[in-house]
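Enquirer: My questions are about this predicted structure, shown below with the sequence.
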Amino acid sequence: MQVPAGNLLQKINTPADLKQLKEDELKQVCQELRQYIIDVVSVNGGHFAASLGVVELTVALQYVLNTPYDQLVWDVGHQAYGHKILTGRRDSFHTNRVHGGISGFPKRSESIFDTFGVGHSSTSISAALGMAVASQYKGETDRQHVAVIGDGSMTAGMAFEALNHAGIENSNLLVILNDNNMSIDPNVGALKEYLTDITTSKPYNRFRDDIASVLAKISAIGPDAFKIAQKLEKSIKGTLLKKSNFFEALKFRYFGPIDGHDVEHLVKVLRDLRDIPGPKLLHCVTVKGKGYALAEKDQTKWHAPGLFDKITGEIKKSKSDKPQPPKYQDVFGHTIIELAEQNPKIMGITPAMPSGCSLNLMMKAMPNRAFDVGIAEQHAVTFSAGLASQGLIPFCNIYSSFMQRAYDQVIHDVAIQNLNVVFCLDRAGLAGADGPTHHGAYDIAFMRCIPNMTVSAPMNEEELRNLMFTAQHDDMGPFVIRYPRGNGVMVDWQRPLKAIKVGKGRKICDGEEIAILSIGTIGNEAVKATAELNDEGYYPAHYDLRFVKPLDQALLHEVFQKFNKVITVEDGCLEGGMGSAVLEFMADNKYNCEVVRLGIPDQIIEHGEQPELWAECGYDAQSITMQVKNMGMKQNKHIIAS
């Protein structure tokens, strides 16, 4: 649904249009931009509070910089809605995150103003530094390079690595630290405390008000005068803060903290910083959800609230008189508490996603046994390995696509030592509107090739609980449980916990001619398909493998001895996935059978609702039905008993 823009905003199609306005008109632009985001997101959904918090910063950057020649990189990018609206996508913004519409994150193929594709945190400084070094190499000394990174993203090791490198390059790089004390949930760790110390130092804040302007003027005199001013500035900063400045120690010129919601002051400061050479860091203090009272009050809830009434703030939910199945993440959250009450060895770990994965339930119930380690997936895995080395059983909950960031630690620190770390991979498979940066397409392939690893996927909520129960038994070694984003299929899901034999699948229904082999919750699409096929007189068998490593060899021998046609179905990549594992088994055991693999093809899948993407990739219920018929299955009038 498209909504009208304000009087000034509707005239801005590019940053060049914004630059035609007077500085005293920028406040109105900010008001209209903020309202436009509220109007559109309330009826179309998407990330919300993060973009509201950087409205003034966005306007100031586009007003001062010469984008896209000057290169602006947004970390994570879920806060870049204002950026998209000001750079030619206002009239298409209502298609944000919709199948076939614009992306919810900056995307190079979408706009020349999106200089770097993002979706995961903490990549901006590395990318902007690479751009700055490239510009320096090409002689483009007038080109500006700006990375906007949140204080939550600054907790990741990659951000520290980039700062460490940038400090020794004399590149034209400005890092803007958007300090709002939030990622999705409140930030944690020593860096948060350090930034709080800076923002609350009254003597320091009085001193820093005019330092950027002074340095900019001195730099015009000459390099010798500028070096003297730098030494004086560093000495005074250290005295006022009573401790060394972390960023200054990494050879960054540090400026701030400043009010990130004062657009006119931001314009002045950014102009001054533009004239100061070398790596610089501007510390902006902002409020996530700024301008929408409910989002300011509960920033986690309003990170991505879905559809809502912008007047009352009521978040709209699907109306149904019937009880609804829970989200898989909530099944995890409640089950880990249930298990931990029985087993004192169990610990919970997440890298900055406690509400997203529902570990926040355990953090509240058992605060000494559940840890949010910040946006630091590598640390989360090795921290879990350390716990496991001392006889504890860590459940390390990481989104499937984020687990890609910690692959070395999975192999080096967990698998080689055969430690009992339980990896709960939330958002496995196609994740929906967040798109390709968040799709959990590859975990089956990259986990099943690791020695000592067990790789499993539940078909429903009861199976998720039982796999968690199984994984926490002693001497299990590394154990993966993958499950998707969204709701399950069972209303009555809190059933007694039972152990599942590792590597044991199950027969869902018997049949003839064709066997369908599925792994994980996408098997429910196969159930729908077989029901429809049965109604039409087709009777394929259906097996749920449960484990892709180890495979249920007895089950597969049964399948290949009884059927000459097999369809594999998985919500994961075809290259190296479950279907590939089945083909390997067939070849190793010298079976000769027609096998068709359904899953995510070897291409980048864009954003959309999960059922839309399953259909696009050809493994929803209708696609499975069509494949069975295309393989030449005969119609029969008799019924196959289950």
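Expert: Perfect, I can see it now.
Enquirer: What's the separation between Ile349 and Val285?
Expert: For Ile349, the distance to Val285 (C-beta to C-beta, to the nearest Å) stands at 30 Å. No exception for glycine: its C-beta is placed from N, CA and C like everyone else's.
Enquirer: What of Lys504?
Expert: Taking C-beta to C-beta, one finds Lys504 at 55 Å from Val285.
Enquirer: Between those two, which has more neighbouring residues?
Expert: Val285 (19 against 13; other C-beta atoms under 10 Å).
Enquirer: Contact partners for the more buried one?
Expert: Asp179, Asn180, Thr199, Gly256, Pro257, Ile258, Asp259, Gly260 (C-beta atoms under 8 Å, 6 or more residues apart in numbering).
Enquirer: same thing with Glu616?
Expert: Counted by C-beta under 8 Å, 6+ apart, Glu616 has contacts Ile605, Gly608.
Enquirer: a strand runs through it, doesn't it?
Expert: No. Using DSSP: H, G, I helix; E, B strand; the rest coil, the assignment for Glu616 is helix, not a strand.
Enquirer: before we move on, back to that, where strands are concerned, which of the contacts of Val285 count?
Expert: Using DSSP state E, Asp179, Gly256, Pro257, Ile258, Asp259 are the members of these that sit in strands.
Enquirer: Outline the domain layout of this protein.
Expert: 1-65+90-104+288-317, 121-286, 328-482, 506-630 (automatic domain parsing).
Enquirer: and the shortest one, average pLDDT?
Expert: In this case it means domain 1-65+90-104+288-317. Here domain 1-65+90-104+288-317 scores 94 as its mean pLDDT.
Enquirer: Also stretch 441-452?
Expert: Stretch 441-452 comes out at a mean pLDDT of 98.
Enquirer: And stretch 588-598, by the same measure?
Expert: 97.
Enquirer: Tell me how many other residues crowd Asp309.
Expert: Neighbours of Asp309 (other C-beta under 10 Å): 11.
Enquirer: Quick check: it touching Asp39?
Expert: No. Between Asp309 and Asp39 there is no contact, the gap being 11.8 Å when judged by C-beta atoms under 8 Å.
Enquirer: can you pull out the helices in the stretch 251-400 of the chain?
Expert: 263-274, 293-297, 328-342, 354-357, 360-365, 377-389, 400-403 (DSSP state H, counting those that start in this stretch).
Enquirer: same for the first one, what does it pack against?
Expert: Counting contacts by 3 or more C-beta pairs under 8 Å, 6 or more residues apart in numbering; DSSP states H and E, helix 263-274 is packed against helix 26-44, helix 55-64, helix 211-221, strand 253-259, strand 280-285.
Enquirer: So what angle separates the directions of the last one and strand 253-259?
Expert: So the one you mean is strand 280-285. Going by axes from the mean of the first three to the mean of the last three C-alpha atoms, to 10 degrees, strand 280-285 is angled at 20 degrees with respect to strand 253-259.
Enquirer: Given strand 280-285, what are its sheet partners and their directions?
Expert: Strand 280-285 pairs in its sheet with strand 173-179 (parallel), strand 253-259 (parallel), by DSSP bridges.
Enquirer: Lowest average confidence across these, which one?
Expert: Among the strands paired with strand 280-285, strand 253-259 scores lowest, at a mean of 92.
Enquirer: Using PDB, write out every CA atom in that strand.
Expert: This file holds the C-alpha atoms of strand 253-259, laid out as PDB (Å, rounded to 0.1, in the frame of the first residue of the first chain):
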ATOM      1  CA  ARG A 253      40.800  10.900  15.600                       C
ATOM      2  CA  TYR A 254      37.900  10.600  18.000                       C
ATOM      3  CA  PHE A 255      35.100  13.200  18.000                       C
ATOM      4  CA  GLY A 256      32.000  13.300  20.200                       C
ATOM      5  CA  PRO A 257      29.800  12.300  21.700                       C
ATOM      6  CA  ILE A 258      27.300  14.500  19.900                       C
ATOM      7  CA  ASP A 259      23.500  14.600  19.700                       C
END
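Enquirer: buried ones in it?
Expert: Arg253, Tyr254, Phe255, Gly256, Pro257, Ile258 (16 or more other C-beta atoms under 10 Å).
Enquirer: Surely Leu163 is within a helix?
Expert: Yes. When three-state DSSP is applied, Leu163 is found to be in a helix.
Enquirer: isn't it right next to Ile125, touching?
Expert: Yes. In this structure, Leu163 is within contact of Ile125 by C-beta under 8 Å, at 6.3 Å.
Enquirer: got any ranges where the stretch 51-200 of the chain has weak pLDDT?
Expert: Where the stretch 51-200 of the chain drops to pLDDT under 70, the residues are 182-190, 192-193, 196-200.
Enquirer: Tell me which stretches of the stretch 401-550 of the chain form helices.
Expert: 407-409, 443-448, 461-471, 523-535.
Enquirer: mind putting those helices in JSON lines, mean neighbour count included?
Expert: JSON lines is the format used below for the helices of the stretch 401-550 of the chain (neighbours: other C-beta atoms under 10 Å):
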{"stretch": "helix 407-409", "mean neighbour count": "16"}
{"stretch": "helix 443-448", "mean neighbour count": "23"}
{"stretch": "helix 461-471", "mean neighbour count": "23"}
{"stretch": "helix 523-535", "mean neighbour count": "19"}
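Enquirer: Turn these into a markdown table, columns for distance to Lys290.
Expert: Compiled in a markdown table, the helices of the stretch 401-550 of the chain are given as follows (distance: least, C-beta to C-beta, whole Å):
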| stretch | distance to Lys290 |
| --- | --- |
| helix 407-409 | 37 |
| helix 443-448 | 36 |
| helix 461-471 | 38 |
| helix 523-535 | 42 |
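Enquirer: For Lys301, find the nearest of the ones you listed.
Expert: helix 461-471 (23.9 Å; C-beta to C-beta).
Enquirer: Name the residues that touch the closest one?
Expert: With C-beta under 8 Å, 6+ apart as the criterion, helix 461-471 contacts 325-326, 328, 331-332, 335-336, 339, 395, 422, 424, 454, 456, 458, 476, 479, 481, 483, 488-490, 493-495, 497-500, 502, 546.
Enquirer: 6 Å instead, please
Expert: Here helix 461-471 makes contact (C-beta atoms under 6 Å, 6 or more residues apart in numbering) with 331, 335, 422, 456, 458, 479, 481, 483, 488, 490, 493, 495, 497-500.
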